[in-house]
Each structure stands twice: as C-alpha cells, then as structure tokens.
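# What follows is a predicted structure for the sequence shown.
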Amino acid sequence: MQRRKRGRPYVYSPTVILRCFIVRIWFRLDSNNALHTFLDTDCQYNHKLAIACGLVTIPCRRTFDRRLKAMSTDIKERISTMGYLFVVERLVEPSITAIDSTLLKAKGHVWHKSSMKKGVVPRSGIDTYARWGYSHTKGWVFGYKLHLTSSTAGEIVVPLTADVTTANIPDNKMYVPLTSSSVFPLSSLRYMVADPGYDAKELYEYSKGLGIDLVCPVERYKSTSKKRLELVCFYQSALGQAIYSHRRISIEPLIEHIKSVFRIDPLSVRGFQPVSAIVLLSVLLYQIMGYYNCKTEKINPRSIKYMLGTW
C-alpha cells in the first residue's frame, strides 16, 4: 500500500511567519497588505526588520492571509509554553491563579438574530462567523470571546493560557481546555479563582484531580447538599474571601490592559480564524514583552504599552 504524499512544504517556517505577524502587531499595522508593504519598503530600517524575521524574500499578501488562518493552534501552544516559563522560573507567584473571559465586538455591522435564523445576510461588511453573547457589564455583544487564565500576584500579572471562541460559548465550557496545559499540574498551583459562570460540580471535581481548588461565589439554599455547603463555608471564610479578592485586582485589569494596549476591541479583522490568530498573537506578545521586562530587570515590568511602535 502506497503511503500518502505529504503536502507541499512551507516556503516560510511557522516561526518566520510568527515573527512577521509580531511585526504587524508591534507597529500597529491594520492589515496583511500593510504588513507586506511595510516589510517590502526599500529602506535600511525595514530591511533589517525583514532579516530579523528570517526573511530572504517577502511573502505576498495572500501568503500572509492564508497563514494567518492556520496558526491559532501554534500560538496557543506558545502561550502555554510562555505561561509555564513564568511559573517554573518563579517570575510570578503561582499559588493562586484566575480564569475569566471578555467579549470582543466583531468588525463591521451586526447580524441581527432574526436575520441569522433565516440565514439572510442583509448587507455587506457583516462577520458571519461571529455570534451574540451576553455580559452583565456590557449587555448583548455581537462578536467573539477571549478566554484567559492568569497569575494573580507578584510584580507582574501575566496570561498563562488563552483561547478564543465565538461570543455565545459559555465560560464553563472552556475551563477544561484552558487548564489542560503543562502549567496546571504543577505542585506550586493551589487555587483557581473564578466568577459564578464556572460554578459547576464537574469543574470542582476536575480541579481536584489537578491538585487545585476552584474558588467561586457559592450561594446557600435550603436544599443545598452537604458537599456543596463545604464550598459555601470555604468561600465565605476569611481565607476564601482573601483568595477570591485576588481576582478583582489581577485578571480583570489584565484583560482590560491587553484590550487597550493591542486595540482588539472592537476587532480589526473578520472571520473566526483570523480573529483567533490576531487576539492570541496579542496575548503572546504581551507575555513576551513582560518576560523581557522581567529578565532585563525593568523597574516596572508592567510598562508594556509604550514599548509598541518602537524598536
């Protein structure tokens, strides 16, 4: 039986292409066409950047478009690896971690539910991959959702793992994928703080299997089971409240900081794969910049925003 032939090998390796897209994010270039033009500009500075990316020739815009759609999985793995580095090198205090999500508005016009049910796209410029999601702070948003885990203490709070879904995916469905990386079985991790969206029996049990305790706001009712009462008592205890207080001062401002620094809300691209890649690239670049600041012993390792656009 003949073995299947491998597909055509990449002309540009994943690492080379990743470096190119980091240039796009770093210099706030709004499209792949702008990235191609920037790298292809006949200027010594731009030529040095192209060489730093590992380029001998400049990819065409279609190559950038095609590769952007195919790199989300690779970026997620790199984010997990960076999160692992932060923990094992003790650059962050890992005993208490946090998980949360944020809605991101889609680029262009919204697709109303009535038209969506009929399968009718009433006008151009609608991202047909985006979906409606609800937030208690934002209300209904048409777009996507960034899911994140992070450290909660130390000089710098950093993402540990990340993923992107459409806005309609419940937070608790992403708990297992986000905690399946090499970061979370580490013995130094003890607690995971989360909002009520993650309050589910199976997630408490899954967390116990990882050796961590999931801490969520838990209400007491007349019919509350004995096992659940233990969760209520711990959450309401002085220790439980001290642990849960880390969420408000860590992952919530971290998410807003990432959105502000990289201008990903509203989004600048359409389509699930391009959106995933750009959002996850922003998270990865945040990690890289934070890691650089820690290693170079910057006075304030959180000073990231003003590094963008410079070289």
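Great, that's in hand. Numbers count the residues shown, from 1 in each chain.
# so who does R24 touch?
32, 34-35, 38 (CB atoms under 8 Å, 6 or more residues apart in numbering). Where C-beta positions appear, they are placed from N, C-alpha and C, glycine not excepted.
# Am I right that it is in a strand?
No: R24 is assigned helix when assessed by DSSP: H, G, I helix; E, B strand; the rest coil, not a strand.
# if I look at it, how far off is S237?
48 Å (CB to CB, to the nearest Å).
# Among the contacts of R24, name the buried ones.
32, 35, 38 (16 or more other CB atoms under 10 Å).
# Now flag whichever of these is closest to A153.
Ranked by distance to A153 (CB to CB), the buried ones among the contacts of R24 are led by L35 at 36.9 Å.
# list the helices and strands the strand or helix carrying the closest one packs on?
L35 belongs to helix 32-40 when assigned by DSSP states H and E. Counting contacts by 3 or more CB pairs under 8 Å, 6 or more residues apart in numbering; DSSP states H and E, helix 32-40 is packed against helix 14-26, helix 44-53, helix 61-68.
# report the angle between the axes of it and helix 44-53?
Put simply, helix 32-40 runs at 100 degrees to helix 44-53, going by axes from the mean of the first three to the mean of the last three CA atoms, to 10 degrees.
# Helix 32-40: how far from the chain's middle?
Offset of helix 32-40 from its chain centre (CA atoms, centre = their mean, to the nearest Å): 25 Å.
# Helix 14-26 and that one, what's the angle between them?
Using the same axes, to 10 degrees: helix 32-40 against helix 14-26 is 100 degrees.
# neighbouring contacts of helix 32-40?
Against helix 32-40 from outside (CB under 8 Å, 6+ apart): 20-21, 23-24, 27, 29, 46, 49-50, 53, 55, 58-61, 64-65, 68.
# State the helix or strand in which the nearest residue to Y206 once chain neighbours are set aside lies.
Distances taken as CB to CB, 6 or more residues apart in numbering place V176 nearest to Y206, at 6.2 Å, with adjacent residues excluded. Element membership of V176, judged by DSSP H and E, is helix 175-178.
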